[in-house]
Structures are given as C-alpha cells and as structure tokens.
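Provided below for reference: sequence and predicted model.
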Amino acid sequence: MQGAGKALHELLVSAQRRGCLTAGVYESAKLMNVDPDNVAFCVLATDEDDEGDIALQIHFTLIQAFCCENDIDIVRVNDVAKLAAIVGPSEESGETQDLHCILITNPNEDGWKDPTLEKLNLFCEERRNVNDWVPTITLPE
C-alpha cells in the first residue's frame, strides 16, 4: 500500500506539471460530463471533518458510480492536508482549492506514458479482484 501512496504522489506532481489535473468536486463533475473518455484516474479525498458531510458523500457516490460505469480507476485518500501539500494552491488564483475530488486527464497526449499511472491502474485492478472497488491509499509523509 505504501508503494501505491508514493506512486500517487508522483502521479499528482507529474499531472499537475503537465496541466492534466482537475481539482474540485464541481469542476470534476463538469469535466466528466463533457469529456469522460479523457479522464484516466480519479482521487476522492476526505478528512475526519468531512465524514458527516452528507452532501459530499452523495457527490462521492455519484462520482464513484460514474467512474465505475466509464472504467475510470478510482482511489480514496484520507488526508486532504497531505494532498494540499502536494497539489498546492490554485495556479490561477493562488487560493486553496477544493481537493475532495481530483481527476487526472490526457495521459496519452504528447506521448505522455506515465509509469506511475500504469502502476496505480494495476493496483486498482488487484484491489478489485478482492472486491475492494475504491481502495484507500495512504500518502507518504
């Protein structure tokens, strides 16, 4: 599981550098509605504070269903602060962004074949084989 956390960290950094990262529940939902074939990976993130947020849990359920229907691998992360440290503030506004849902898009444009994406896809496939449809990944410190 730790290897998957490191791979996710590397994928997020690489995708952000290439402009292939969409953050935010609403932004992600809009992108999935317009261009689902362009989405390669989905990360859902919560903190302990979010566990009681029914609206967020409903959004997650809908996003998970959409990802399963469109063969998009999906994982959960239980530490939004670690994710914020990796992804950082929004490039446009410099403000903290909604990191409850992050999509990785366009992995094959310009010949980008990210080995960490392939590693995470394999990890998700292995987890599905043991009926863990949305595995939780722990990000490294």
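Structure's in. What do you need?

alpha carbons only for contacts and neighbour counts from here, please
Will do.

buried set for the helix or strand hosting residue 66?
Applying DSSP states H and E as the criterion places residue 66 in helix 54-69. By neighbour count, with 16 or more other Cα atoms under 10 Å as the criterion, the buried positions of helix 54-69 are 59, 60, 63, 64, 66, 67.

Can you pull up the most central residue in this structure?
Centroid-nearest residue in the chain: residue 43, 2.0 Å away (criterion: Cα atoms, centre = their mean).

what sits up against whichever strand or helix holds that residue?
Secondary structure from DSSP H and E places residue 43 in strand 39-45. Applying Cα atoms under 8 Å, 6 or more residues apart in numbering, the external contacts of strand 39-45 come out as 32, 60, 67, 72-80, 99-107, 117.

rewinding a little: tell me the one of the buried residues of helix 54-69 nearest residue 11?
Within the buried residues of helix 54-69, proximity to residue 11 (Cα to Cα) peaks at residue 67, which comes in at 18.3 Å.
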